[in-house]
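Q: Sharing a model prediction with you, sequence too.
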Amino acid sequence: MNASETMRLDKWLWCARFYKTRSLATEEIHKGRVTVNGQPAKPARDLRCGDTVALRQGPVARTVCVRGLSQARGPAPVAQLLYEETPESLAAREKAAEQRRLAPEPAAALQEGRPTKRDRRHIDRAQDWGSRWSASIDE
């Protein structure tokens, strides 16, 4: 494609493999998680080579410069040629990844989930609540 040609923003995000489907890309755009050249965008916004797209994929924020347009979604190595991530964005992503590695989510460390009915019976027998119907202290 020529640099003078344009493409819909939602379709480009899908072709560049930022989102799995166009409808997911459209959803993220409507939620305000995608901007073009610092301005809020709509899914049908025309995108040109040289535009800067800021987007969020889960906890990861990225800023990329559009290098090419494609009419079809291709393999990942080809899709990566459609954009170039800014050095600031790369540094911020690496810093965020390091912070997530050093301070992981506390819930991720849980090995077991909610106790089963059988587990509850064992817990109740081990606690020996007696005739009390509540765990609160009676006075």
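A: In hand now; what should we look at? Nothing here was measured: the structure is a model prediction, and the numbers come from that model.

Q: For the lengthiest helix in the chain, output the C-alpha coordinates as PDB.
A: Longest helix of the chain, by residue count under DSSP state H: helix 87-102. Taking C-alpha atoms only, helix 87-102 is exported to PDB below (Å, rounded to 0.1, in the frame of the first residue of the first chain):
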ATOM      1  CA  PRO A  87      11.700   3.300  22.700                       C
ATOM      2  CA  GLU A  88       9.700   5.000  25.600                       C
ATOM      3  CA  SER A  89       7.000   2.400  25.300                       C
ATOM      4  CA  LEU A  90       9.500  -0.500  25.300                       C
ATOM      5  CA  ALA A  91      11.200   0.900  28.400                       C
ATOM      6  CA  ALA A  92       7.900   1.300  30.200                       C
ATOM      7  CA  ARG A  93       6.800  -2.200  29.300                       C
ATOM      8  CA  GLU A  94      10.100  -3.700  30.600                       C
ATOM      9  CA  LYS A  95       9.800  -1.700  33.800                       C
ATOM     10  CA  ALA A  96       6.200  -2.800  34.300                       C
ATOM     11  CA  ALA A  97       7.200  -6.500  33.700                       C
ATOM     12  CA  GLU A  98      10.000  -6.200  36.200                       C
ATOM     13  CA  GLN A  99       7.600  -4.700  38.800                       C
ATOM     14  CA  ARG A 100       5.100  -7.600  38.200                       C
ATOM     15  CA  ARG A 101       7.900 -10.100  38.600                       C
ATOM     16  CA  LEU A 102       9.200  -8.500  41.900                       C
END
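
Q: Now do the helix or strand just after that helix: distance to the chain's middle.
A: Next along the chain after helix 87-102, taking DSSP states H and E as the criterion, comes helix 117-127. Computed by C-alpha atoms, centre = their mean, to the nearest Å, the chain-centroid distance of helix 117-127 equals 39 Å.

Q: Likewise for stretch 118-128?
A: Distance, stretch centre to chain centre, for stretch 118-128: 40 Å (C-alpha atoms, centre = their mean).
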